[in-house]
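Asks: This is a predicted model, with the sequence first.
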Amino acid sequence: MTFLCAAYHKSNNINGMKKSTLAGLLLAGLLFQTGLSYADLPDLGEVADVSMSLADEARIGRDAMRAMRQEGSVSDDPEMSRYINNLGSVLSSGAPHPDLTFTFFVVNDANINAFAMPGGYIGVNKGLILATQSEGELASVLGHEMAHISQRHLARMRAQGAPNQLLLLGTLVAAALAAHSHNADAAMGTISAGVGLSIANQLSFSRDFEREADRVGMQYLAAGGFDVRSMPEFFQRLQRSERLNGGDAYAFLRTHPVTVERISEAENRAQNAPVRMRADSTEYLLVREKIRSQDMEPAAAIKFYQNALAHGLYLNQGAQWYGLARAQMDRHELPAAARSLAQARRLLPADPMLFALDAEMARKQQDGSRALAVYRAGRASFPDNPALVQGEIELLIQSGARAQAMAEILQRQAVTPDDPVLFRLQASIYVDSDKLRYHAALGNALYFEQMYEAALEQYQLASQAKGDDFYLRSSIEARTRELQKRLADDKGNDNKVGVMQ
């Protein structure tokens, strides 16, 4: 079951290509002292809570995430995930509702699209990130989606009498989950498009809600230290692109019309705001090129980057060299890739993504010692970077240094005890030697990914495995009881909300 707010969708390909691109990291800013304050937010009253509680929304959003993860729609790239969540964290630092929790994720889709789901989940398609021309534009999309959540548009729309679409969306996700489990009868028909794209196109907000999301989204932009003019600028570029493509309304423009009125309202709100000259973060620039290079054939990507560098067609020269290095590595032109990466490092400030690419090249050359040295050099400057941590642990496991890998995992778990990636790495160490700890670790990974039914199955398998670890068995029993109760409560609450599962 699920609900999604489709916010930005367009099936157009940027730069004439069907590809994807994501964006970079930034540092916290201050809420600017102008008329764009949170004082003019509407009083939501009790209508939203009566229609659907925050707990109900969390369950719906969690089930939607489960469907998208099972389908493979959610990117598991640690660099992209870290970036988009860091960007969202900057924007939410000045949220009008500090009790709200947002979870941002990258969607493996080249369409220009972003959407908000109940429970604070916000998905951003790779194509949307590639379509942006600045980090401020990307931030404006996230701010708009965050506003849909903070203003409780789902619950308010349901209170206004729109439950039928929610039922339709619940059926869609239920069908996707059934299809994933190979239950053809329960799937209720064929789902021809991906879950993320299908859901995102099902439900549109009213124009009043869209204007409110624009207004509150600009306040998020201001709180994050971005120029609020980024929002109307991005709207205008979408509108111009739609016209250049023959006026055939894309899904975003059908469900969320970028009207002259809407752009004018955004421009008027921005008039009294200070101009903020904020440079794009290095990670925004590098993540875009990582997505671009991955979504093109290596030979085509090399030609693209060489042409861009020759004619100055880029946002940042160093990022282009990074993209070229990735493309050359993928084509096994490793000496050329090393030279391109050196150019990128000459032009860019130190960044964990540069260390990660250098280590990846060394691994492709079967030089484990140099790769390990690069990971450790990177972690000396960026000790908590997930990609570097994960890469080093994977390399230790592959080289047979399992005790050292486990020590690294336990050290990181002391800092981030809810990181599912660490538990999956832990499970890979135990897979052939200790079924109790293997199933327990995999269950923990699924638990923190909120895949509760799958987690329960792993805990049950762990309880049946041999082993004398009393503490571990006690924790498994406690987690099993918790999940059994949670799943039973969720089923009852889902029926109460009236959404199919």
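Replies: Thanks, I have the structure now.

Asks: mind listing what's buried in the host helix or strand of Gln236?
Replies: According to DSSP states H and E, Gln236 maps onto helix 230-244. If you call a residue buried by 16 or more other Cβ atoms under 10 Å, then helix 230-244 has these buried ones: Ser230, Met231, Pro232, Glu233, Phe234, Phe235, Leu238, Gln239, Ser241, Glu242. From N, CA and C alone the C-beta is placed, and that goes for glycine too.

Asks: name the helices or strands packed onto that helix?
Replies: Secondary-structure packing of helix 230-244 (3 or more Cβ pairs under 8 Å, 6 or more residues apart in numbering; DSSP states H and E): strand 5-10, helix 135-150, helix 207-223, helix 251-255, helix 260-270.

Asks: which SS state does the residue nearest in space to the middle of the chain fall under?
Replies: Centroid-nearest residue in the chain: Phe105, 1.3 Å away (criterion: Cα atoms, centre = their mean). What DSSP: H, G, I helix; E, B strand; the rest coil gives for Phe105 is strand.

Asks: what do you get for the one 5 residues further on?
Replies: Per three-state DSSP, the local secondary structure of Ala110 is coil.

Asks: So what's the residue count around the closest residue to it other than its chain neighbours?
Replies: Distance criterion Cβ to Cβ, 6 or more residues apart in numbering; nearest residue to Ala110, sequence neighbours excluded, is Gly127 at 4.2 Å. Counted with other Cβ atoms under 10 Å, residues neighbouring Gly127 total 29.

Asks: same check, this time on Ile149
Replies: Number of residues near Ile149 (other Cβ under 10 Å) recorded here: 25.

Asks: Need the pLDDT of it.
Replies: pLDDT recorded at Ile149 is 87.

Asks: Over to Ser20?
Replies: Looking at Ser20, its pLDDT reads 32.

Asks: likewise Leu396?
Replies: 98.

Asks: Output the helices and strands packed on helix 230-244 as JSON lines; include the columns distance to Lys435.
Replies: As requested, the helices and strands packed on helix 230-244 are exported to JSON lines (distance: least, Cβ to Cβ, whole Å):
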{"stretch": "strand 5-10", "distance to Lys435": "43"}
{"stretch": "helix 135-150", "distance to Lys435": "41"}
{"stretch": "helix 207-223", "distance to Lys435": "47"}
{"stretch": "helix 251-255", "distance to Lys435": "47"}
{"stretch": "helix 260-270", "distance to Lys435": "57"}
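
Asks: Of the ones you listed, which is nearest Lys466?
Replies: Among the helices and strands packed on helix 230-244, the nearest to Lys466 by Cβ to Cβ is helix 135-150 (46.1 Å).

Asks: elements contacting the closest one?
Replies: Helix 135-150 makes packing contacts with strand 5-10, helix 78-92, strand 112-117, strand 121-125, helix 126-131, helix 207-223, helix 230-244 when contacts are defined by 3+ Cβ pairs under 8 Å, 6+ apart.

Asks: got the angle between it and strand 121-125?
Replies: 150 degrees (axes from the mean of the first three to the mean of the last three Cα atoms, to 10 degrees).

Asks: Okay, now the unreliable bits of this structure?
Replies: 1-52, 94-98, 153-206, 245-259, 493-501 (pLDDT under 70).

Asks: Break it into its domains for me.
Replies: When the chain is parsed with automatic domain parsing, its domains come out as 5-270, 419-495.

Asks: can you tell me which two in the buried residues of helix 230-244 are farthest apart?
Replies: Distance extremes for the buried residues of helix 230-244: the farthest pair is Ser230 and Glu242 at 18.9 Å, using Cβ to Cβ.

Asks: so the residue nearest to Ala110 makes contact with Asp109?
Replies: Yes. The criterion here is Cβ atoms under 8 Å, and Gly127 meets it with Asp109 at 6.3 Å.

Asks: Spatially nearest residue to Asn66, not counting backbone neighbours?
Replies: Heads up, residue 66 is Arg, not Asn. Distances taken as Cβ to Cβ, 6+ apart put Met451 closest to Arg66, at 5.8 Å, once the chain neighbours are dropped.

Asks: so how many other residues sit close to that neighbour?
Replies: Neighbours of Met451 using other Cβ under 10 Å come to 20.

Asks: The helix ranked longest in the chain - contacts with which helices or strands?
Replies: Identified as the longest helix of the chain according to DSSP state H is helix 470-497. Using 3+ Cβ pairs under 8 Å, 6+ apart, the elements in contact with helix 470-497 are helix 54-71, helix 435-448, helix 452-464.

Asks: With distance to Gln328 added, can I get the buried residues of helix 230-244 in JSON lines?
Replies: Output for these, formatted as JSON lines (distance: Cβ to Cβ, whole Å):
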{"residue": "Ser230", "distance to Gln328": "33"}
{"residue": "Met231", "distance to Gln328": "37"}
{"residue": "Pro232", "distance to Gln328": "39"}
{"residue": "Glu233", "distance to Gln328": "34"}
{"residue": "Phe234", "distance to Gln328": "32"}
{"residue": "Phe235", "distance to Gln328": "37"}
{"residue": "Leu238", "distance to Gln328": "33"}
{"residue": "Gln239", "distance to Gln328": "37"}
{"residue": "Ser241", "distance to Gln328": "31"}
{"residue": "Glu242", "distance to Gln328": "35"}
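
Asks: re the thing from before, so can I have TSV of the helices and strands packed on helix 470-497 showing distance to Ser293?
Replies: Converted to TSV, the helices and strands packed on helix 470-497 look like this (distance: least, Cβ to Cβ, whole Å):
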stretch	distance to Ser293
helix 54-71	24
helix 435-448	29
helix 452-464	33
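
Asks: Could you dump those into JSON lines with distance to Lys290 and mean neighbour count added?
Replies: Below are the helices and strands packed on helix 470-497 laid out as JSON lines (distance: least, Cβ to Cβ, whole Å; neighbours: other Cβ atoms under 10 Å):
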{"stretch": "helix 54-71", "distance to Lys290": "21", "mean neighbour count": "22"}
{"stretch": "helix 435-448", "distance to Lys290": "24", "mean neighbour count": "22"}
{"stretch": "helix 452-464", "distance to Lys290": "29", "mean neighbour count": "19"}
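
Asks: which one of these lies closest to Gly378?
Replies: Closest to Gly378 of those is helix 435-448 (Cβ to Cβ; 24.5 Å).

Asks: Distance from the closest one to the middle of the chain?
Replies: The chain centroid and the centroid of helix 435-448 are separated by 24 Å under Cα atoms, centre = their mean, to the nearest Å.

Asks: Extract the CA atoms of it and return them as PDB.
Replies: In PDB, the C-alpha atoms belonging to helix 435-448 read as follows (Å, rounded to 0.1, in the frame of the first residue of the first chain):
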ATOM      1  CA  LYS A 435      24.500 -19.800  10.300                       C
ATOM      2  CA  LEU A 436      23.300 -18.300  13.600                       C
ATOM      3  CA  ARG A 437      25.300 -15.100  13.200                       C
ATOM      4  CA  TYR A 438      24.700 -15.100   9.400                       C
ATOM      5  CA  HIS A 439      20.900 -15.100   9.700                       C
ATOM      6  CA  ALA A 440      21.000 -12.700  12.700                       C
ATOM      7  CA  ALA A 441      23.200 -10.200  10.800                       C
ATOM      8  CA  LEU A 442      21.000 -10.400   7.700                       C
ATOM      9  CA  GLY A 443      17.900 -10.000   9.900                       C
ATOM     10  CA  ASN A 444      19.400  -6.900  11.400                       C
ATOM     11  CA  ALA A 445      20.200  -5.500   8.000                       C
ATOM     12  CA  LEU A 446      16.600  -6.000   6.800                       C
ATOM     13  CA  TYR A 447      15.200  -4.700  10.100                       C
ATOM     14  CA  PHE A 448      17.000  -1.400   9.700                       C
END
